[in-house]
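Q: build me a structure from this.
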Amino acid sequence: MLRRCTGALLAVALLICCMACGQTETGSAQSREEDDKIRIGMSFDSFVIERWQRDRDIFVSVAKELGAEVNVQNANGDIEEQKKQIDYFIQKGMDVIVIVCIDSDALKESVKKAKAEGIRIVAYDRLIKDADIDLYISFDNSMVGTMMGQALVDAGIAGGNVLMLGGSPTDSNVPLVEDAFRKVMRDNDVTIVDSAHAEGWRAELAAAYIYDHSAELTDIDAIMCGNDDLATQTIRALAENRMAGDILVVGQDADLAACQRIVEGTQVMTVYKPVERLATRAAQASVALARGEDLSAEDVTMLENGSHEIPYIGLEPISVDRDNIDEVIIGSGFHLKEDVYLNVPEKMPQ
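A: I've put the predicted structure just below:
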């Protein structure tokens with residue numbers, strides 16, 4: 001009897017031991033798998049601009065397919081908050097930090113701290129100046145400005161007057177867009193009567209400018225808006241002055257509201273930037289950097305950011321007006337036909 005009990009106890013002990021070993025091995029495997037997973041921190045300026053949510057979703061989805069996990073943070077337009085987020089990512093030991101910067105001149109020390117810890121840095125859509133970043137990926141912003149200007153020229157602005165309502169002056173893309181736009185205006189004898197900027201891309205500031213200068217609008221033939229969000233507020237203010245459609249307006253980002261205005265006739269054009277291409281390419285490059293792979297490819301060139309020569313990927317934007325909106329915007333699936341033509345269903349193509 002005693003032998004049978006002893007044998008049973010030994011069997012139970014062996015079973016428990018095996019189970020514990022199995023659990024330990026499984027736990028160790030899971031731990032190794034988690035340690036091997038690529039971790040990417042992503043800090044956005046804010047999600048005020050419509051397109052950023054689309055950028056985020058595509059980037060996270062592609063990165064996940066490539067075996068990476070992404071921690072997304074929203075700085076809500078606060079540069080000090082963005083610095084704290086970068087510090088947090090450094091403490092968490094991220095492999096790569098992707099930054100949609102608020103102020104192009106304010107993050108060089110944050111980048112320096114991250115690089116000291118062996119973390120790779122990707123400047124997404126907006127350049128970070130004077131910093132040793134591993135990649136800057138964006139659209140050709142000079143081309144954006146040229147497209148805006150050319151659209152106004154094609155609409156008959158030559159020899160006329162234009163107002164510029166630009167975006168945040170701390171956004172490195174803004175001067176690139178505006179310099180190219182100004183060149184087109186100079187080449188076509190267009191007078192820029194004034195230039196103003198919306199701090200932090202706050203679109204209500206564009207509307208405030210229109211309200212404050214409503215008496216002067218009779219001398220304006222066109223308004224260049226830094227993006228479609230600014231254009232939305234500008235055109236609403238023009239509508240209150242019964243001038244929507246009389247003054248030519250251009251913008252960028254191909255927001256749904258802008259596409260609706262193009263088919264309605266109150267906005268001349270927008271610049272479509274295929275964010276799915278940008279976000280996908282950025283996710284691919286970020287994972288490659290995390291793996292220590294070489295970024296050299298046909299689409300990678302070198303660019304000066306003030307103090308460093310950095311890898312740069314520049315994608316081409318597309319000018320969108322009434323003539324090609326069905327093909328470019330609806331045909332690509334960026335917006336649905338019924339949404340674009342929501343307010344003018346009688347003009348919707350069959």
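Q: now the strands for the chain?
A: For the chain, strands defined by DSSP state E occupy the ranges 38-44, 68-74, 96-99, 120-124, 135-139, 161-166, 191-197, 222-225, 248-250, 270-272, 300-304, 309-315, 318-320.
Q: want to throw these into TSV with distance to Asp57, mean pLDDT and mean neighbour count?
A: For the C-beta atoms, the positions are set from N, CA and C on the backbone; glycine is no exception. TSV is the format used below for the strands of the chain (distance: least, C-beta to C-beta, whole Å; pLDDT from 0 to 100; neighbours: other C-beta atoms under 10 Å):
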stretch	distance to Asp57	mean pLDDT	mean neighbour count
strand 38-44	11	97	24
strand 68-74	10	97	18
strand 96-99	14	98	28
strand 120-124	14	97	25
strand 135-139	17	96	23
strand 161-166	28	97	22
strand 191-197	29	96	15
strand 222-225	25	98	27
strand 248-250	27	98	26
strand 270-272	18	97	27
strand 300-304	25	92	12
strand 309-315	18	94	17
strand 318-320	21	98	20
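Q: would you turn those strands into CSV with distance to Glu327?
A: Formatted as CSV, the strands of the chain follow (distance: least, C-beta to C-beta, whole Å):
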stretch, distance to Glu327
strand 38-44, 31
strand 68-74, 33
strand 96-99, 31
strand 120-124, 28
strand 135-139, 19
strand 161-166, 28
strand 191-197, 32
strand 222-225, 24
strand 248-250, 19
strand 270-272, 11
strand 300-304, 29
strand 309-315, 19
strand 318-320, 9
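Q: of all the ones you listed, which lies closest to Gln150?
A: strand 318-320 (7.3 Å; C-beta to C-beta).
Q: how many residues are close by Asp145?
A: Careful, residue 145 is Gly and not Asp. Using other C-beta atoms under 10 Å, Gly145 is surrounded by 26 other residues.
Q: can you tell me how far the closest residue to it other than its chain neighbours is from Gly93?
A: Excluding its sequence neighbours, the residue lying closest to Gly145 (C-beta to C-beta, 6 or more residues apart in numbering) is Ala180, at 3.1 Å. Distance of Ala180 to Gly93, computed by C-beta to C-beta, to the nearest Å: 41 Å.
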